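# With the input below, show me the fold.
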Amino acid sequence: MKLLAFAALLAAASLSGCAASGLVSSNAPTNTQTGNQSKSSAPVMQFKLATDSKYPTVVLKEYTLISDDLERDRRDADAVIRTKTGLPYAMQTKQRADFEGILAKNFTFRGESEFFDREGYISNRVGDPAKVKQADYRNVVVQFFGERALVTYSNIVEDQPGGPGSWKADMTWADVFAKDDGQWKYETVHLIEFRDLTTSAKK
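Numbers count the residues shown, from 1 in each chain. The predicted structure is shown next:
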């Protein structure tokens with residue numbers, strides 16, 4: 001059921017993205033009307049918003065919020081982004097508590113050849129000796145669908161150099177967030193595409 005819900009979110013995001021107006025800053029929203037909305041409804045728009053990760057090794061300076069009401073959604077969007085930056089930080093600390101604080105009770109993870117429930121994911125990541133050196137985020141987009149938030153993005157992740165398993169990769173992801181005990185947490189993470197940059201990084 002969760003995979004069906006995730007697919008529905010992606011489909012809805014695609015349709016909403018087609019209907020969204022051009023990108024505007026949060027300080028200067030326009031009233032451009034979209035084709036599939038009545039004159040009495042607010043237009044769905046894209047707002048480019050500045051943010052600042054509190055973790056120096058997690059680089060996320062801005063994101064795009066798709067919404068018909070910036071004032072309504074901005075606070076929750078910022079909270080989602082704060083949670084989002086907590087995962088690469090947990091990949092650095094390898095502390096179980098850092099994972100448990102941001103993953104919902106029914107969390108799942110799907111990678112290229114991996115699938116984990118919440119406990120399996122935490123145990124795998126805590127026990128993995130590889131640590132993330134830096135995560136650099138690009139094209140981060142947030143959109144709310146009822147009680148859930150869909151976040152799509154790309155990032156370049158590099159682990160701590162020096163070991164035989166050192167790697168660097170450019171990846172594309174889709175995450176779903178939901179409120180758990182009043183806090184926005186990861187409900188699922190899906191890897192969409194993995195591009196290995198290890199060879200070029202070592203040249």
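# Which parts of this protein are strands?
23-25, 45-50, 58-59, 62-67, 103-110, 115-117, 132-145, 148-159, 168-180, 183-196 (DSSP state E).
# As CSV, the ones you listed with distance to Thr83 would be great.
Heads up, the C-betas are built off the backbone N, CA and C, glycines and all. Shown next, in CSV, are these (distance: least, C-beta to C-beta, whole Å):
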stretch, distance to Thr83
strand 23-25, 24
strand 45-50, 16
strand 58-59, 12
strand 62-67, 13
strand 103-110, 10
strand 115-117, 18
strand 132-145, 11
strand 148-159, 10
strand 168-180, 7
strand 183-196, 5
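# Of those strands, which is nearest Lys84?
For Lys84, the closest of those is strand 148-159, at 6.3 Å, according to C-beta to C-beta.
# Of all the strands of the chain, which one is nearest Tyr89?
With C-beta to C-beta as the criterion, Tyr89 lies closest to strand 58-59 of the strands of the chain, at 5.9 Å.
# who's in contact with Ile156?
In this structure, Ile156 makes contact with 135-136, 138, 168-171, 197, judged by C-beta atoms under 8 Å, 6 or more residues apart in numbering.
# I figured Arg74 hits Thr51, correct?
No - applying C-beta atoms under 8 Å as the test, Arg74 and Thr51 come out as separate, 10.8 Å apart.
# Pass me the low-pLDDT residue ranges in this protein, would you?
1-40, 161-165, 200-203 (pLDDT under 70).
# Repeat the analysis, applying 80 as the threshold.
Low-confidence segments of the chain (pLDDT under 80): 1-40, 160-166, 199-203.
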